[in-house]
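Enquirer: Here is a sequence together with a model predicted from it:
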Amino acid sequence: MDRRRGLIFPNDKRPKTNGVVDGVIQDSIEQVVINCKAGKVSEFYSIGDHVAINLDGIGTCYFDYIGSGKDERTDGADKPVSTWLSRDVIDRCVWNQNQTTEGGWDASYIRNYCRTTIYNALPSIIRNNIVTVNKYTNVNPMDGSFSGPKTEDTVWIPSDPEVTSYRGGYYERFDLDDTRVKMLTGGVAFMWWTRTTYGSYQANYIDNDGSSDSSTHTGAHVSNGLVPGFCL
């Protein structure tokens with residue numbers, strides 16, 4: 001048995017790493033979860049490192065390690081060890097099935113899609129260890145606020161100020177526009193949704209060059225990129 005920080009691990013489930021090569025984590029997702037739960041993620045990995053995860057019915061996708069200790073657990077315990085976000089667009093999705101943002105992120109189609117379809121596609125090792133967090137969603141992309149309506153989420157998409165350094169820069173990963181560029185399958189850069197709404201009919205997105213400004217919003221019924229995240 002291996003004892004670390006008051007925890008007991010069977011020898012085949014102890015914190016360890018095979019390292020990172022060109023930003024790609026060489027550990028299995030099972031080992032990454034073990035390392036996260038043991039509090040070793042920032043010791044073994046760097047912001048922007050990514051791990052391969054097989055999503056049932058979707059295929060293998062890479063998820064970036066984008067920050068530590070940023071999200072607020074709903075159970076009031078210590079903050080999650082790590083936050084992970086899809087490296088690229090894993091699907092295309094409408095923000096809402098009708099051209100309205102009434103009810104905000106809480107009532108949106110895309111939130112339900114994340115909480116059901118994407119959550120159920122995750123490997124059981126992630127579903128069994130995922131941390132439900134409080135997400136605060138601003139209703140104006142230009143105010144940089146983190147004090148909007150609160151929801152409790154397992155799988156989610158970022159708000160605008162969570163990923164734009166010039167309006168918050170909440171997660172360490174997103175310091176430049178090019179860190180926000182997300183690709184479709186085939187390597188074409190594509191715009192992707194945030195949780196942030198803009199008025200009663202539109203939601204904010206990150207443009208295909210990674211930028212976000214007063215013009216990057218469109219009708220909620222438009223099919224843009226889906227870039228989900230979760231906490232461990």
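Expert: Sure, I can see it.
Enquirer: who touches the lengthiest strand in the chain?
Expert: Longest strand in the chain, counting residues (DSSP state E): strand 59-67. Residues outside strand 59-67 that contact it (CB atoms under 8 Å, 6 or more residues apart in numbering): 24-25, 41, 45-55, 82-88, 90, 170-174, 229. For every residue, glycine as well, the C-beta is placed using N, CA and C.
Enquirer: Mind listing the strands that strand pairs with, and their directions?
Expert: strand 50-55 (antiparallel), strand 83-86 (antiparallel) (DSSP bridges).
Enquirer: I'd like to know which of those lies nearest to residue 197.
Expert: strand 83-86 (20.0 Å; CB to CB).
Enquirer: so where is the protein shaky, pLDDT-wise?
Expert: Residue ranges of the chain with pLDDT under 70: 1-12, 139-147, 165-169, 214.
Enquirer: please redo it, this time with the cut-off set to 50
Expert: 1-10 (pLDDT under 50).
Enquirer: Could you pull out the buried residues of the longest helix seen in it?
Expert: Scanning the chain for the longest helix, with DSSP state H as the assignment, gives helix 29-37. Going by neighbour count (16 or more other CB atoms under 10 Å), the buried part of helix 29-37 is 29, 31, 32, 33, 34, 35, 36, 37.
Enquirer: pretty sure residue 17 is in contact with residue 27, am I right?
Expert: Yes: counting by CB atoms under 8 Å, residue 17 touches residue 27, with 5.5 Å between them.
Enquirer: what is in contact with those two at once?
Expert: With CB under 8 Å, 6+ apart, residue 17 and residue 27 have common neighbours 35, 44.
Enquirer: what about the residue nearest to residue 153 when sequence neighbours are not counted, how many residues close to it?
Expert: Of all residues not flanking residue 153 in the chain, residue 135 sits nearest, at 4.9 Å (CB to CB, 6 or more residues apart in numbering). By other CB atoms under 10 Å, the residues close to residue 135 number 25.
Enquirer: just checking, residue 135 is part of a strand?
Expert: Yes: counting by DSSP: H, G, I helix; E, B strand; the rest coil, residue 135 is found in a strand.
Enquirer: isn't it right up against residue 195?
Expert: Yes: contact criterion CB under 8 Å: residue 135 and residue 195 qualify, at 7.0 Å.
Enquirer: shared neighbours of the two, which are they?
Expert: By CB under 8 Å, 6+ apart, the residues touching both residue 135 and residue 195 are 105, 156, 159.
Enquirer: List the ones among those residues that fall in strands.
Expert: Going by DSSP E, the strands hold none of the shared contacts of residue 135 and residue 195.
Enquirer: hmm, back to that, including distance to residue 123, could the buried residues of helix 29-37 go into a markdown table?
Expert: As requested, those are arranged in a markdown table below (distance: CB to CB, whole Å):
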| residue | distance to residue 123 |
| --- | --- |
| 29 | 6 |
| 31 | 12 |
| 32 | 11 |
| 33 | 9 |
| 34 | 13 |
| 35 | 15 |
| 36 | 14 |
| 37 | 15 |
